[in-house]
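*Asks:* Give the three-dimensional model of this entry:
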Amino acid sequence: MKKTLALICILLLILVVIIAINFKNIEKEKNEIVKFNLTYEEYNTDNLNGLDITTLINKAINNNEKYSISKNEHGYYVDDGMNSIKIYVTMNMNDKTYEMERINSVGMNSFIEYFGDVKFECTDVKYHEKTGRISELIFKSQDQ
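*Replies:* A predicted model of the protein is given here:
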């Protein structure tokens, strides 16, 4: 009888420890997502310049490379539903939207040279449903 009671107590203790560890891991993951999102959400403003946009594009590319996000046949990152990030920039002068990969392929220095002093505003932020991480940021140049 004492052995059975001791065994039940040990099993309950192990179960409580497992639940506590899982809870701690879930909270840690949530905090990491919040911290991750904050590094991108600071760009959700209307007072950015071309240098800010290139910095953000570099962050997004580094993120996509870190998580081995695949690219399509045109060289654009494919949304993986979890960790991928896309940046879109709409230019007022021609009302065209450019993906971050296009801007990167033309050259960040060229973008800074021509659009470094242009003001941009973030018009939309989207999140992955599964992870809650930022998935897209959309910017538009202000009057040039």
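*Asks:* Please count neighbours and contacts with C-alpha atoms only from this point.
*Replies:* Fine.
*Asks:* what stretches of this structure score poorly on pLDDT?
*Replies:* 144 (pLDDT under 70).
*Asks:* now with 50?
*Replies:* Scanning the chain for pLDDT under 50 picks out no residues.
*Asks:* Have a look at it and report its longest helix.
*Replies:* Longest helix of the chain, by residue count under DSSP state H: helix 2-41.
*Asks:* Next, the angle from the following helix or strand past that helix to helix 2-41.
*Replies:* Once the chain leaves helix 2-41, the next helix or strand it forms, by DSSP states H and E, is helix 50-66. Here the directions of helix 50-66 and helix 2-41 differ by 150 degrees (axes from the mean of the first three to the mean of the last three CA atoms, to 10 degrees).
*Asks:* Identify all contacting residues around whichever helix or strand comes after helix 50-66.
*Replies:* Per DSSP H and E, the first helix or strand lying C-terminal to helix 50-66 is strand 86-91. Defining contact as CA atoms under 8 Å, 6 or more residues apart in numbering, one finds that strand 86-91 is touched by 57, 60, 77, 79, 96-100, 135-141.
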